[in-house]
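Peer 1: Take this sequence and fold it.
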Amino acid sequence: MTESPSSKHVEALTTRVASADAEVEFWDEVAAKGTPLIESIESDDRHVLVTFLWRGDAQTENVLLLSPWSEEKPADNLMERVPGTDVFFRTYKARSDVRGSYQFRVNDPLRPWSEMSPQELDEYFHSLVPDSLNPDRLRWPAFGPYPEEVVSVVTLPHAPPQPWSEERENIPKGTVEHRRFRSERLGNERDIWVYLPPSKPEGLLVVFDAWSYNTAIPTPTILDNLIAAGRIPPLAAVLIENAGGNTIEVGETRSRELPCNRDFADVLATDLVPWVQAEYGIPANRELTVTAGSSYGGLAATFAAYTHPEVFCRVLSQSGSFWWKPGFVIGQDAAAESDEEWEWLARQFVRSETLPVRFYLDVGILETKGASESPTQVIVNRHMRDVLRAKGYQVHYAEFAGGHDYACWRGTLADGLIALFE
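Peer 2: I've put the predicted structure just below:
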């Protein structure tokens, strides 16, 4: 673990640790300020010091912090302990416009994540806890195979606002209906949610990972606000969940269906979208049909438009996993899986004729780690942007100050929709 920058609050505690009241006074000050602690840096208005804190006890051997600045190995994310106290801390020098989520794990075994089975990883990440001294949180309520999940959010002083994600009074509200969709071709059934705007729908937004886009990203609220403000036409939306009876099955289905799966893309275009349009009276207008998602969902959204441009005209990709190649499975040795090169989908666009599709792509500047030996999210999104522009596509590209994170995507979803309908 590299040495942390120095926080004046932690330094003050360290110098006074012999005082009987020093630690009590420290926690009283922290409770008044809230966490994490944010300190300015003299002669540097582009960066701040961010100090995360955890209050341990006699049984606390270590505390792991997962944050936008986390490293790949658990042992590299340990917090330091102020000697003679139960104060655990980790300080970063960060750009002052970063937003991101974070969680803690106490008494972590420090076993490499790459050595864990899918079941162990599932249990591990569901054991992470939020910051009790920070009320700013994202919450995923329990549903179906998913347990409740809560993460804390750090918003630095110059982070851009996210005005479209907050519910507004005195505007017309749409409705949301929960349905089930079965596909004989895929051999599975899943939850979907259909949002209908307060006025007659003119188009359709198709979004993956519905559990997250119903909760951490409040898509219906964002659509209500954008439609009321006249920034987008009155779109209906179908939020599509991944199939499976538990979180392991959901993850396996997601890893199979979202990364450039032709059967899945065909079902979207020829079965699900026409059914939703007919069932809810939504015009089959490709000019106003958008496909959207984050991570593998961004990859799936792009592939759906590539394979079915007759259905999907606009693509909204948030931190799309464009590094993907056929045969790749997360957690396996990439070299043993396939002889394909990374960035398979970009090469398909290079080899094909330009399609009547427009794009919004974004990625976080902190997404600097790849899957296995793959290029990073930042690199592959910049490359996809360049490939599409070179082929003559209309592309709106943005980089945000954050990581691979719903705390950021809940703001950029609205940015993308606005950009696609400018």
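Peer 1: okay, CA-based contacts and neighbour counts for the rest of this
Peer 2: Noted.
Peer 1: Isn't residue 231 up against residue 416?
Peer 2: No - counting by Cα atoms under 8 Å, residue 231 does not reach residue 416; the two are 11.2 Å apart.
Peer 1: and the two? which has more neighbours close in?
Peer 2: Set residue 231 next to residue 416 and count neighbours by other Cα atoms under 10 Å: residue 416 wins out with 24 against 16.
Peer 1: That one in helix, strand or coil?
Peer 2: helix (DSSP: H, G, I helix; E, B strand; the rest coil).
Peer 1: Surely it touches residue 363?
Peer 2: No - if you go by Cα under 8 Å, residue 416 and residue 363 don't touch, sitting 11.6 Å apart.
Peer 1: quick check: mean pLDDT across the helix or strand hosting residue 13?
Peer 2: Secondary structure assigned from DSSP states H and E places residue 13 in helix 8-15. Taken as a whole, helix 8-15 has an average pLDDT of 91.
Peer 1: For it, which outside residues touch it?
Peer 2: Contacts to helix 8-15, defined as Cα atoms under 8 Å, 6 or more residues apart in numbering, come from residues 22-23, 26, 82-83.
Peer 1: What subset of these is buried?
Peer 2: The neighbour count (16 or more other Cα atoms under 10 Å) marks 22-23, 26 as buried among the contacts of helix 8-15.
Peer 1: out of the residues you listed, who's nearest residue 210?
Peer 2: Nearest to residue 210 among the buried ones among the contacts of helix 8-15, counting by Cα to Cα, is residue 26 at 42.0 Å.
Peer 1: centre of the chain versus stretch 311-323, how much separation?
Peer 2: 14 Å (Cα atoms, centre = their mean, to the nearest Å).
Peer 1: show me the contacts for residue 156.
Peer 2: 38, 96-99.
Peer 1: Repeat that for residue 131.
Peer 2: If you count contacts by Cα under 8 Å, 6+ apart, then residue 131 has 35, 54, 103-104, 151-152 around it.
Peer 1: Can you pick out the most distant pair from the residues you listed?
Peer 2: Using Cα to Cα, the contacts of residue 131 span at most 14.7 Å, a distance reached by 54 and 151.
Peer 1: export the contacts of helix 8-15 to JSON lines and tack on pLDDT and distance to residue 235?
Peer 2: Compiled in JSON lines, the contacts of helix 8-15 are given as follows (pLDDT from 0 to 100; distance: Cα to Cα, whole Å):
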{"residue": "22", "pLDDT": "92", "distance to residue 235": "57"}
{"residue": "23", "pLDDT": "93", "distance to residue 235": "54"}
{"residue": "26", "pLDDT": "95", "distance to residue 235": "51"}
{"residue": "82", "pLDDT": "95", "distance to residue 235": "54"}
{"residue": "83", "pLDDT": "93", "distance to residue 235": "57"}
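Peer 1: and the two most separated of these?
Peer 2: The widest separation within the contacts of helix 8-15 (Cα to Cα) is 14.1 Å, between 26 and 83.
Peer 1: residues near residue 209, how many?
Peer 2: For residue 209, using other Cα under 10 Å, the count is 19.
Peer 1: Distance of it relative to residue 22?
Peer 2: The gap separating residue 209 from residue 22 is 47 Å, by Cα to Cα, to the nearest Å.
Peer 1: Confirm that residue 264 sits in a helix.
Peer 2: Yes - counting by three-state DSSP, residue 264 falls inside a helix.
Peer 1: So it sits against residue 257, correct?
Peer 2: Yes - using Cα under 8 Å, residue 264 makes contact with residue 257 at a distance of 5.8 Å.
Peer 1: can you redo the contacts of helix 8-15 as JSON lines with secondary structure and distance to residue 328?
Peer 2: Formatted as JSON lines, the contacts of helix 8-15 follow (DSSP: H, G, I helix; E, B strand; the rest coil; distance: Cα to Cα, whole Å):
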{"residue": "22", "secondary structure": "helix", "distance to residue 328": "53"}
{"residue": "23", "secondary structure": "helix", "distance to residue 328": "50"}
{"residue": "26", "secondary structure": "helix", "distance to residue 328": "49"}
{"residue": "82", "secondary structure": "coil", "distance to residue 328": "43"}
{"residue": "83", "secondary structure": "coil", "distance to residue 328": "45"}
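Peer 1: which SS class is the closest residue to residue 38 other than its chain neighbours?
Peer 2: Counting by Cα to Cα, 6 or more residues apart in numbering, the nearest residue to residue 38 once its immediate chain neighbours are dropped is residue 50, at 4.8 Å. Recorded secondary structure, residue 50: strand (three-state DSSP).
Peer 1: which residues does residue 50 contact?
Peer 2: Here residue 50 is in contact with 36-39, 91-94 (Cα under 8 Å, 6+ apart).
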